[in-house]
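S.K.: give me the fold of what follows.
(one chain, ligands or ions: 2)
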Amino acid sequence: MVKAATTAKKSGVKKKPTAAKKSAAAKKESVPLRYKCRMCGYVYSPLRGEPHNGIPAGTAFEDLPETYVCPVCGFQGKGRVGTWGFDEWRPTRYVCSMCDYIYDEKRGEPHHGIKPETKFEDLPEDYVCPVCATDPKIVVRYGNVVKQGFSPLYE
Ligand SMILES: [Zn+2]
Ligand SMILES: [Zn+2]
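M.R.: Ligands and ions are numbered 1, 2, ... in the order given. Got it, this is the predicted structure:
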């Protein structure tokens, strides 16, 4: 009986050294910050822009025209709130992409030893979604959902 020659071809994947990354230092590739109106709570999103006000999507807050005013305050007759009336705004809630569990910084997870007001980025590196962790179906199929599996919640 002829033994089938199994072509156990070990794919020789060449390891490319990724250390020396050419720094295409064009622009900071950081997430554009959102800004919240102190008066009315309106959040300016650079990703969204305000196309209806002539501000194209992708306009950073810093690049807004001098004449920019909060569209909501203006609409509500609260006066003209310029960029001076805005504060940096960052999300405080993060949602698990797998189960929609929301990590809320205000709440923390006291039962897991995470104090309220613990920032998402300050969570331990081995943090996993507490809900997915209790679901064997998810853990077996996908493994635990780590911090990278969460996305900021904007609303
Ligand atoms: Zn406003
Ligand atoms: Zn989850």
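S.K.: which residues are in contact with residue 79?
M.R.: 39, 73 (Cβ atoms under 8 Å, 6 or more residues apart in numbering). Where C-beta positions appear, they are placed from N, C-alpha and C, glycine not excepted.
S.K.: does any bit of the longest helix seen in the chain sit next to ligand 2?
M.R.: The residue-count maximum for a helix in the chain (DSSP state H) belongs to helix 136-142. No. Against ligand 2, helix 136-142 shows no contacts by Cβ under 5 Å from the ion, the least distance being 7.1 Å.
S.K.: flag every buried residue along that helix.
M.R.: By 16 or more other Cβ atoms under 10 Å, the buried positions in helix 136-142 come out as residue 138.
S.K.: with stretch 92-106 instead?
M.R.: Those would be 93, 94, 95, 96, 98, 99, 101, 103, 105, for stretch 92-106 by 16+ other Cβ under 10 Å.
S.K.: repeat that for stretch 142-155.
M.R.: By neighbour count on 16+ other Cβ under 10 Å, the buried set for stretch 142-155 is 145, 147, 149, 150.
S.K.: stretch 77-95 now?
M.R.: Neighbour-count burial for stretch 77-95 [16+ other Cβ under 10 Å]: 81, 83, 85, 86, 89, 93, 94, 95.
S.K.: ok, it near ligand 2 or not?
M.R.: No. Judged by Cβ under 5 Å from the ion, stretch 77-95 and ligand 2 are separated, with a smallest distance of 8.7 Å.
S.K.: list the contacts of the residue sitting nearest the centre point of the chain.
M.R.: By Cα atoms, centre = their mean, the chain has its centre lying nearest to residue 152, at 3.9 Å. Residue 152 makes contact with 90, 91, 93, 94, 120 under the criterion Cβ under 8 Å, 6+ apart.
S.K.: rerun at 6 Å
M.R.: 91, 94 (Cβ atoms under 6 Å, 6 or more residues apart in numbering).
S.K.: phi, psi for it please.
M.R.: phi -60, psi 150 (degrees, to the nearest 10).
S.K.: what are the bridge partners for it, then?
M.R.: Counting by DSSP bridges, residue 152 forms beta bridges with residue 94.
S.K.: that one and ligand 1: what is the separation?
M.R.: In this view, residue 152 and ligand 1 are 22 Å apart by Cβ to the ion, to the nearest Å.
S.K.: much appreciated, bye for now.
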